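**Student:** Dropping the sequence and predicted coords here.
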Amino acid sequence: MTKFPRDPLYRRHRFPAEVIAHAVWLYFRFPLSLRMVEDMLAARGVIVSHQTVRLWAEKFGRHFANHIRKRSAGRLGDKWHLDEVVITIGGKKHWLWRAVDHDGFVLDVLVQSRRNAKAAKRLIRKLLKAQGRSPRVIITDKLRSYGAAKREIMPGVEHRSHKGLNNRAENCHQAVRRREKIMKRFKSARQLQRFASIHDPIANLFNVPRHDIPSAHHRELRAAAIQAWHQIACLHAE
């Protein structure tokens, strides 16, 4: 077997790159707690604490997510679905604002303490900066803050406000809801922002349709996503 040099990304980490990348993949790809990932690694003979998994998730997860964003730059759709969901942290309400395109790929997320026009403007400005272009149309629910923000920042963009049209954005909140339950609530707004900003790009990479395509095509798309993950995580093929 050819022995490849260790990638600088994993320098000063005693565990192999394959173990670290697999732990990060498990944590963000599936609704697992840190201790669950610890147990799954232990079942395969890898003894590592959940605290180490947490450090890997923060350091390497951020790196992988940034790489995925660069790969997808300019490829996401120009129809933006915007939505917000309330998350209770320490007894106080926060709102997780999220934007997805028409295919369900997450464009960006932003945790804020308010649900008003100022908060909507912050989300839209963040989206415009990240995407580098205006959308063709935005779709929201009936929250009036979206209309006020849109009129001020991008008045020429079409705006459709209807509860039933915004299911794509609303469905994307489910992954965070599942993780919130596993983690027994998020401890801070910063933790929620950090998790969502890493989780969503990784979810984008593995956003492979399961319906309306032949099973062989589904397997091909899944294999391509896994191969892309190996490249992003700097894993060498054997």
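**Tutor:** Arrived safely, thanks for sending. Numbers count the residues shown, from 1 in each chain.
**Student:** Contacts only, for Leu128.
**Tutor:** Ser134, Ile153, Met154 (Cβ atoms under 8 Å, 6 or more residues apart in numbering). For glycine as for every other residue, the C-beta is placed from the backbone atoms N, C-alpha and C.
**Student:** got a list of what the second one touches?
**Tutor:** Neighbouring residues of Ile153 by Cβ under 8 Å, 6+ apart: Lys121, Ile124, Arg125, Leu128.
**Student:** Mind picking the two most distant members of those residues?
**Tutor:** Lys121 and Leu128 (10.5 Å; Cβ to Cβ).
**Student:** Averaged pLDDT, stretch 11-28. What do you get?
**Tutor:** Average pLDDT, stretch 11-28: 95.
**Student:** For that stretch, give me every contacting residue.
**Tutor:** Applying Cβ under 8 Å, 6+ apart, the external contacts of stretch 11-28 come out as 6-7, 9-10, 32, 34, 37, 40-41, 46, 48, 53, 56-57, 60-61, 64, 198-199, 202-203, 229-230, 233-235.
**Student:** Now a PyMOL select for only the buried ones of the residues you listed.
**Tutor:** Buried residues among those (16 or more other Cβ atoms under 10 Å), as a PyMOL selection:
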select buried, resi 10+32+34+37+40+41+48+53+56+57+60+61+64+198+199+202+203+229+233+234+235
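**Student:** Restricted to helices, list the contacts of stretch 11-28.
**Tutor:** 34, 37, 40-41, 53, 56-57, 60-61, 64, 198-199, 202-203, 229-230 (DSSP state H).
**Student:** from the residues you listed, which single one is nearest Lys92?
**Tutor:** For the ones in helices among the contacts of stretch 11-28, the minimum distance to Lys92 (Cβ to Cβ) is 22.1 Å, reached by His199.
**Student:** Now that closest one. Nearest residue, chain neighbours left out?
**Tutor:** The shortest distance from His199 to any non-neighbouring residue, by Cβ to Cβ, 6 or more residues apart in numbering, is to Phe28 (5.1 Å).
**Student:** His63 now?
**Tutor:** According to Cβ to Cβ, 6+ apart, the nearest residue to His63 is Leu9 (6.8 Å).
**Student:** Over to Ala57?
**Tutor:** Tyr27 (5.0 Å).
**Student:** a helix runs through that neighbour, doesn't it?
**Tutor:** Yes - counting by DSSP: H, G, I helix; E, B strand; the rest coil, Tyr27 is part of a helix.
**Student:** count of neighbours near it?
**Tutor:** Burial measure for Tyr27: 26 neighbouring residues, criterion other Cβ atoms under 10 Å.
**Student:** What of Glu152?
**Tutor:** Applying other Cβ under 10 Å, we find 12 residues neighbouring Glu152.
**Student:** so which strand or helix has it?
**Tutor:** Using DSSP states H and E, Glu152 maps to helix 144-153.
**Student:** Could you point out the helix or strand that follows that helix?
**Tutor:** Using DSSP H and E, the helix or strand that directly follows helix 144-153 along the chain is strand 158-161.
**Student:** Show me what the following helix or strand past that following strand is packed against.
**Tutor:** Downstream of strand 158-161, the first helix or strand assigned by DSSP H and E is helix 167-171. For helix 167-171, the packing partners by 3 or more Cβ pairs under 8 Å, 6 or more residues apart in numbering; DSSP states H and E come out as strand 79-89, strand 92-100.
**Student:** Turn the ones you listed into CSV, including mean pLDDT, distance to Asn171 and mean neighbour count.
**Tutor:** Shown next, in CSV, are these (pLDDT from 0 to 100; distance: least, Cβ to Cβ, whole Å; neighbours: other Cβ atoms under 10 Å):
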stretch, mean pLDDT, distance to Asn171, mean neighbour count
strand 79-89, 93, 9, 20
strand 92-100, 94, 9, 21
